[in-house]
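Enquirer: no FASTA, just this:
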């Protein structure tokens with residue numbers, strides 16, 4: 001059971017990155033051709049976030065969350081409709097990176113479990 005708790009933030013981050021990737025791919029059909037370059041960069045950042053979650057690299061995941069949230073995610077958070085969820089998922093990348101930080105900190109220090117869940 002402890003292995004599931006250790007892998008849960010990484011799996012959550014991978015799901016969030018996949019959701020962001022899918023929404024950006026859907027967005028390619030609705031965006032004008034002049035903004036395809038920005039969408040391509042955001043797709044690459046989503047792929048990088050998925051890699052960082054898969055390899056449990058919290059610093060890289062935090063960096064990709066910052067780079068993807070502040071140019072586009074922050075703006076899209078205030079829009080109505082489907083694209084608002086890109087901003088929400090970008091914020092959830094911060095949650096996943098915090099979870100990976102927490103798991104790595106408790107494992108590297110040999111500390112007891114932070115929260116006792118039964």
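Expert: The structure has been received and is ready for your questions. Small disclaimer: the values here were computed from a predicted structure and weren't measured. Residues are numbered from 1 along each chain as shown.
Enquirer: Need the nearest residue in space to the most centrally placed residue in the chain, chain neighbours excluded.
Expert: In the chain, the C-alpha nearest the mean C-alpha coordinate belongs to residue 93, at 2.8 Å (CA atoms, centre = their mean). Excluding the flanking residues, the one nearest residue 93 by CB to CB, 6 or more residues apart in numbering is residue 65, at 3.8 Å. The way it works is simple: take the backbone N, C-alpha and C, and place the C-beta from them, glycine included.
Enquirer: Mind giving me the packing neighbours of the strand or helix carrying residue 66?
Expert: Using DSSP states H and E, the element containing residue 66 is helix 58-68. Contacts defined by 3 or more CB pairs under 8 Å, 6 or more residues apart in numbering; DSSP states H and E place helix 58-68 against helix 36-54, helix 84-109.
Enquirer: So which bits of that helix are buried?
Expert: For helix 58-68, the buried set under the neighbour-count rule, 16 or more other CB atoms under 10 Å, comprises 58, 60, 61, 62, 63, 64, 65, 66, 67, 68.
Enquirer: Please state the offset of the next helix or strand after it from the chain centre?
Expert: Next along the chain after helix 58-68, taking DSSP H and E as the criterion, comes helix 74-77. On the basis of CA atoms, centre = their mean, to the nearest Å, helix 74-77 sits 15 Å off its chain's mean C-alpha point.
Enquirer: if we can go back for a sec, and residue 24, which of the helices and strands packed on helix 58-68 is closest to it?
Expert: With CB to CB as the criterion, residue 24 lies closest to helix 36-54 of the helices and strands packed on helix 58-68, at 4.9 Å.
Enquirer: Show me the shaky parts of the protein.
Expert: 1-2, 107-118 (pLDDT under 70).
Enquirer: let's see 80
Expert: For the chain, the stretches with pLDDT under 80 are 1-3, 5, 106-118.
Enquirer: For burial, what's the neighbour tally of the nearest residue to residue 67 once chain neighbours are set aside?
Expert: Nearest residue to residue 67, sequence neighbours excluded (CB to CB, 6+ apart): residue 45, at 5.8 Å. Other residues within reach of residue 45, judged by other CB atoms under 10 Å, total 26.
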